[in-house]
Each structure stands twice: as structure tokens, then as C-alpha cells.
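S.K.: Sequence and predicted structure, then a few things I'm wondering about:
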Amino acid sequence: MGSAKPCSIEVTAYQPRRRPIVVIFIVIIAVVIISLVITIAVLVAMRYAPPYCEPGLKSRGRDLDSPGLFNDLTPSEMRAVRDYLMRDQKLGLTPADEAAVNSSYIFMIDLQVPLKTAVLGYADGGKRKPGRAAIAVLYRGDLDPPRVEEHIVGPLPTPSYHRAVTNPAYRRTPVPFASRPVDSVERRELRALLKLVTRDLQTLLSESYQLSYHDCDHGPDCLMFVDLPPRGFESGDRRSWMWGYRQVEGAPLHPLGFALQVDHSSTDVTDWRVTRIVYNGQMFYEVEDLIERYEDDSLRKLRLFMDAYDRGFSSYERRGPERFDAPGRGPRLVEPEGRRFTVDGQFVTYFGWSFNFRSRCATGLQLFDVNFQDGRIAYEVGLQELGVFYSGHSPEMGTLTFYGSSFFIGASSHELVPGVDCPTTAHFLDTFHFVDTVSPRRYKHSICIFEQNTATPLRRHYTTSHDSDDFRYYGGMVAYSLVLRTIAVIWNKDYVFDYVFHLDGTLEIKVSTTGYLQTTFSLPRERSFGHEVHDELVGNAYQELFHYKVDLDIAGSSNRYKTLQFQAEQVPSFWFPDQNTTKMRYRSTVVKTEREALWKQESSPRLHHVFYNHKLFNKYKARRGYRLIHKNPTDFVLKEAAVARAASWAQLPLTVTKYKDIEDASSSIYAGGDPWDPVLDFARYHDDNNTIVDEDLVVWATLGGTVVPSTEDVPGPTTTTNSYNLLLAPYNYFNIGPSIVVSDAAHIKRQVSDEGKAGPLEVDTFGTSREEPQCLQEETGISQFSGQVEND
């Protein structure tokens, strides 16, 4: 009988799992200990670190659902206008990112500011609020002949109508297609053509510069082309110089002496061609001719190589002897009791000042309805145009002229860097633009507003005893001011645009320029137009000009303009008849017509310009007014140049016209496309020679200067010596200096006994603390900079 295989069953005793419980207990103890350490550290930090300063007056962002009269278009309004126009089959529009040069598409959408009469009727007269509308610029490349159209679209936010409009100020209608600003659609085709051409020129580019274009997009070994105006020699031309540069930081300081002129006037890109080539100071009319002569050594060849060290001279990176440096952070603004201004969307208040602002696509910051201490000073203040006129020998530099509005100053104003471009205490705002795009674009932190301490007394006086140096009285206050700022970048130059609001009622318009020089490759004939600022590099002379519109409403819209002319005269003394005395006198003259108001600087440099209300007086029977102080008038050098016909405004440092709705701007976005026969000519504004006595007056002022660059302008010119100012200051407008109401001031007097003995000092700061701040400033730091423009 076989034995059965035993069934083996392994039996183990039950054992509780204690190990996980121990681990959990240890973790809990560790968490408790860490929490205690963190709590103690926080308590210690709170004990020894001051609290954050009070926020002060409150501000809030834009109400995108209910924009104000002067507020920029909201992203939803831009999209609504775009979608409405795209649905119109009669227009036959193509999305811009799918368009060709011979398509019809939307190029720009911006706010159509309501008429002044309608706005004032609503604001001052209780009439109906003007509706919001947009202006859309359409490129109609598919029409014969092609043209540019402007359409008014409204009402917003839900458009139901559009109509093609002709600006009454335009002298050429419809707007010629050749006048249009170059956009991404056209540049895409230009790049394609340049890649074809440079493929054939690769041997020359490699041997001359160690660069490539057709197979190189980014980096120091890549060639970059920049198309710079003007685009030809006469009206109707569209022949652009494509300047070659090394693609490195500070590219404007790396011209190669190589440029191509492209005729791209046709809407059929197959007709585009290279018409001229410049290489090392020699001009060729065909690519094949240049290649042939290069290969057989029948031209002057160039070897312009640069390693990483050589390329670094144009960088903004720190370098130089450390012994001239003082490491550490400089002084910073602190607001110990918080902000003293408010921002409500696009409306600002500050110590009696109030104003609206917006960012126009073409010209940037504009002010509207500017008031001080309950009185309107100006209805509108804004840049109209910037012009930069260069000189040189080369065919490119010889006619180089920038009209800033054609490059869209507002839409070229990018993110500001906290702590450098604006104080870290500033209030930063985003802007939205629809230019050369398919959807609204958000420009983060492109505007800043801040209060500054100028470290200069606004007013002060120190009084001593009449018979000794013993102190008696002191009174003074700091010159605080509010700054509204944006910075536009157009190719090589950075333009810092400021509006400064002072406590004494003065509005300051200020422009500062920096960035990089516009340079040319150094050839013998080029050196008579500027200094060599680096090896083989000439910084060419230029004149930069800025034109502003100031629509004054001094205590109402009925104003006069008078000048005070100063002169010396020798007359017999009233008190001593046998003696002659030389006195300074001024002659007051009321300017009666627009042509009389054409101020020619060279004939009357010592003028005071006063604008006043003839019917309103201050307490002392003086007519209430404002004085315009022109700090930087300049005589326009290129008055006879054909390329400057679009800059007729530049010939007048200051002029005054009667307000007209149709004369809302002195230039247009088409100035750079055809400066020889401009769409808008400012000189026509004076043709009717209107009376300007007791009328609604508009001041047009040109400020700027001539520049001959020096070696100190490398890597970049400084704002110290490149700033221009225009001021509007009260002139008998108040009964007393308006800053006297500000409590942030100091008054000190020495108490003196009846016997004349000096006693203690009596210090009055009018309730304003003078204690050392015991708080940390909440700041917007440089770490928050992103450097991006986003589609919204």
C-alpha cells in the first residue's frame, strides 16, 4: 500500500506591522519641529524687519466692459471691428496672415476720437454722450489701381455700420498704394527675394564678411537686412534700400558697406527686382555684374571679419576699469505713506491735476481734458510726428529720413524695465494695439506713471537779520512732480516720451533720445559727414525733430495769443535829466491772424508766448493766461530738400491756428511712404489765414536739435545731452502761486525776544511727518520683466 504524499501547509504566527506606525510618528514629529522653526524665523523677521509702507491712494485698472470717451479700444472692440469687416463680402477681405501683397486685408484698427464739440457738449453742456467708433485702415492690393482705404466702423461695442471716409485734411485721395507703410506681408516677400539673391552672392558674403543670409536666420554668423526710408527719389517710387548688418547686439553699429536696392512697387511680386547694389563704396546695377567683377578681381574687395571680442564693442554689457566704478545700488524712490496719485483706468488725478490719456497707434501718448485746480488748461496735447534727417555720402545715408508715424510710435512702445526705465514704485499699465496683425496685441507694462522727487527745491528762501548773518526765516518745498512715460523704439533709436505735471501748475512736455547711432561703413568721402566713432565706422550727423499739438482751453475756448518782445533802449533818466540810462523793456503785441503767428526763430529769438482769456481776470486785474516756454527751438536745416516736403511743420518752431475738427493732425502714417508729394501737408493749415483773436486756439510746436555724434556715443547716446522740453506755465492765472496749498513743505523761523535776543527755532511741516520711514516699499522688480508682446 503506497503511502500518501503528505499535504504540507506552512503556518506562520500573526505579527502586527509596527514599522509604518513608527515612520508616521517620526514624520509628524519632524513636521512639527520644522513648523516651529519656520514660525520662529518668521516672528524674528517680523520683529526686525519694518512692515510694508501704506499703499496710499487707490488705483484700479481699465474697465474693459465700459470704456470712457478717450479710452483706447478694448481687445473685444478690436475683434468686433475685425469680425464685422471680415463678414462684409463686398470688401472681400483676406486674413492678414494669409494675405498677399495683391490682397485686400485689414492693416490697422484704432480709436476714432469723437469730435471736440460733441465731447464738450456732453462734458460741459449736458448733451448726449458721443458714441464710440473705430477707424480701420485697409490695404486694397486687389483693386485696379490698388489703394489704401480708411473706414469708420461703429457703433461700438457692436458694430452695425461702416463707411469709407476721406480725411478732409488729405490732399491726395484716394491714398496712393505706394504711400502705405511697409508691413509683414510685404516684408515676407522681400525676405524671399533677398534669399534668392544672396544665394548667388554667397561667395562674396562669406569671403568679405564671413556671413550668410539665405541659409542663416539667427546668430552672429548671419547677415540681417533692414529696409530704411525713403523708398526712392520721387512720388510713386517704392524702391527700398536693404542695408546689410551683422546680426549681433548693437547691430546699428555694424554696417557692412553692403546694401541692395529693391524695386517692390508692383503688387505682383514676380515683378520685383534688385535695381542697385552697393559694395565697399562701389555701385552695381545687376547682381550678375557684381559677381563677375568680384570673381575676376576687377573691384575693390573687402575683408571685414569680427570675432566675439571685436563684436562686443556695441554691447551694453558692463566693461572698463573697475576703479571708476562704485558697486552697489543707487538711491531709490520711497513712498513712506503710499501713493499720492490715483489711476482710474486711463484717468489720473494728482494734487489738483486731472487728465485722461491714451496711446494712439501712430503717435503714442496723448492727453485729453487736462485740468488743474478745477480749471481746464488744454483739451488735447500730443505728439504729431517725429522726423530724423540724416546726412552722408553713401546712396543710402545720403537721403535717409525717418517719419516716426510711419513706423507706429505707439505700437513700437514696448515693455518698460522696472528700476531702469521707470522707478520700481511706478504704476505700470498695459496697452493694446491692432497694427499689422490678425488679432489685438497686448504690450505689457508699456506705460508707467510715477511721482518723483527731483531733489531740487520748487521754491525756497533763507532770510537773515538785516544787520547780521543771524538766521530769521526759511520757507521751501521739494519740487515733486508726476510723470507719465512711455518709450518707443524705432530701429536704432529709443525715444523716452514724458509728460510731467508740476505742483506749480506747469505742464512739461519732454523727449529724451538714446539707443544706438545710425552709422555707415567708413569711406573717405563719408568722413566729412561725421566722426569716426570706432574702427571703420562713421557716426553721421543728423537733425531730430518732434512736432506737438497743444489744443489750449485757458479758462474756456475763447483765447488770445500775444507775444512779449524784449529789447534794450537808452532814454534820459526821469530822476536825473542830465543822465541817460539803458533799460530793458518789452512790447506786448496781440497776434491777430494765423500767418502773423508763424514764428520765425531767427528774427525774434527773445519772445515770450502768452495765451490768455480776454474776459477773465485775476484778483489784480491781470488777464488769466498760460505762457508757453519753448526750451529747444531749432532751425530746420533741410528746408529745400525734396524728402522733407512731408515735414513742412519742421520749418516753424511754433505757430498758432484756429481750431478746426478737420485739422486734427499735422502728419499722417503715409508721410514716410511718399514724403515728396505728401498725403497731408501741414503748410495748408495757414492758407485761409483765419483770425485767432478770441478763438479756440491750437499751438503747434517743433522742438529738437542737430547732432554730430562723438566717440562717447558708443555704445549709446545718453539722455543727458539729448533731451528737449516744452512747458506750459501759469501766467497770472492764479492770485498766488498754486503750490502754496501743498502741505508737504517746511517753514522755519527763529523766535526773537522783544529785546532782540535769539530764541529757539520754530519748525512747521504742516502736519507732514519728517520722521525716517519705518517701512519697506512694495515694488515692481526687474524680475517681473518678460520682454514679450502677446496676442490677446
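M.R.: Received it, and whenever you're ready, just let me know what you need.

S.K.: D498 and L507 touch, don't they?
M.R.: No - with contact defined as CB atoms under 8 Å, D498 does not reach L507; the gap is 10.9 Å. C-betas here are computed from N, CA, C, even on glycine.

S.K.: These two: which is more packed in?
M.R.: Set D498 next to L507 and count neighbours by other CB atoms under 10 Å: L507 wins out with 23 against 18.

S.K.: Could you give the bridge partners of the residue lying closest to the more buried one once chain neighbours are set aside?
M.R.: Nearest non-adjacent residue to L507, counting by CB to CB, 6 or more residues apart in numbering: L728, 4.5 Å away. Judged by DSSP bridges, the bridge partners of L728 are L507, L628.

S.K.: burial count for L728?
M.R.: When neighbours are defined as other CB under 10 Å, L728 has 24 of them.

S.K.: Can you give me every residue that contacts it?
M.R.: Neighbouring residues of L728 by CB atoms under 8 Å, 6 or more residues apart in numbering: 377-378, 506-509, 550, 552, 626-629.

S.K.: Specify which member of the residues you listed is nearest to Y685.
M.R.: Nearest to Y685, judged by CB to CB, of the contacts of L728 is V550 at 14.4 Å.

S.K.: Which elements pack onto the one helix or strand T342 maps to?
M.R.: Secondary structure from DSSP states H and E places T342 in strand 341-344. With contacts taken as 3 or more CB pairs under 8 Å, 6 or more residues apart in numbering; DSSP states H and E, strand 341-344 sits against strand 347-350, strand 427-435, strand 441-464.

S.K.: Looking at stretch 277-297 now, give me its mean pLDDT.
M.R.: What stretch 277-297 shows for mean pLDDT is 97.

S.K.: Give me the distance between the two termini of it.
M.R.: Taking CA to CA, to the nearest Å, the first and last residues of stretch 277-297 lie 17 Å apart.

S.K.: so how far is that stretch from its chain's centroid?
M.R.: 41 Å (CA atoms, centre = their mean, to the nearest Å).

S.K.: Give me the residues contacting that stretch.
M.R.: By CB under 8 Å, 6+ apart, stretch 277-297 touches 197, 200-201, 203-204, 208, 257-261, 274-276, 299-302, 394-396, 521, 523, 525.

S.K.: what does stretch 707-718 give?
M.R.: 250, 253, 313-316, 513-517, 530-531, 533-534, 539-544, 722.

S.K.: at 10 Å instead, please
M.R.: Stretch 707-718 is contacted by residues 249-250, 252-253, 312-317, 319, 388, 391, 492-494, 512-519, 529-534, 537-544, 721-722 when judged by CB atoms under 10 Å, 6 or more residues apart in numbering.

S.K.: So for stretch 599-614, first residue to last residue, what's the gap.
M.R.: Stretch 599-614 end-to-end distance (CA to CA) = 22 Å.

S.K.: that older thread, could you point out the member of the contacts of L728 that lies closest to F368?
M.R.: A378 (8.7 Å).

S.K.: Please confirm that the closest one is located within a strand.
M.R.: Yes - counting by DSSP: H, G, I helix; E, B strand; the rest coil, A378 is part of a strand.

S.K.: For S558, see how far away it is.
M.R.: Separation of A378 from S558 (CB to CB, to the nearest Å): 15 Å.

S.K.: What's the local residue count around Q751?
M.R.: Q751: 10 neighbours (other CB under 10 Å).

S.K.: let's have the chain start at 55 instead
M.R.: Okay, using 55 as the starting number, the last item reads as Q805.

S.K.: so it makes contact with G813?
M.R.: Yes - applying CB atoms under 10 Å, one finds Q805 in contact with G813, separated by 3.6 Å.

S.K.: Please flag which of the contacts of stretch 761-772 sit within strands.
M.R.: 442, 547-548, 566-569, 573, 584-588, 591-594, 596-598 (DSSP state E).

S.K.: of those, buried ones?
M.R.: Buried residues within the ones in strands among the contacts of stretch 761-772, defined by neighbour count using 16 or more other CB atoms under 10 Å: 442, 547-548, 566-569, 573, 584, 587-588, 591-594, 596-598.
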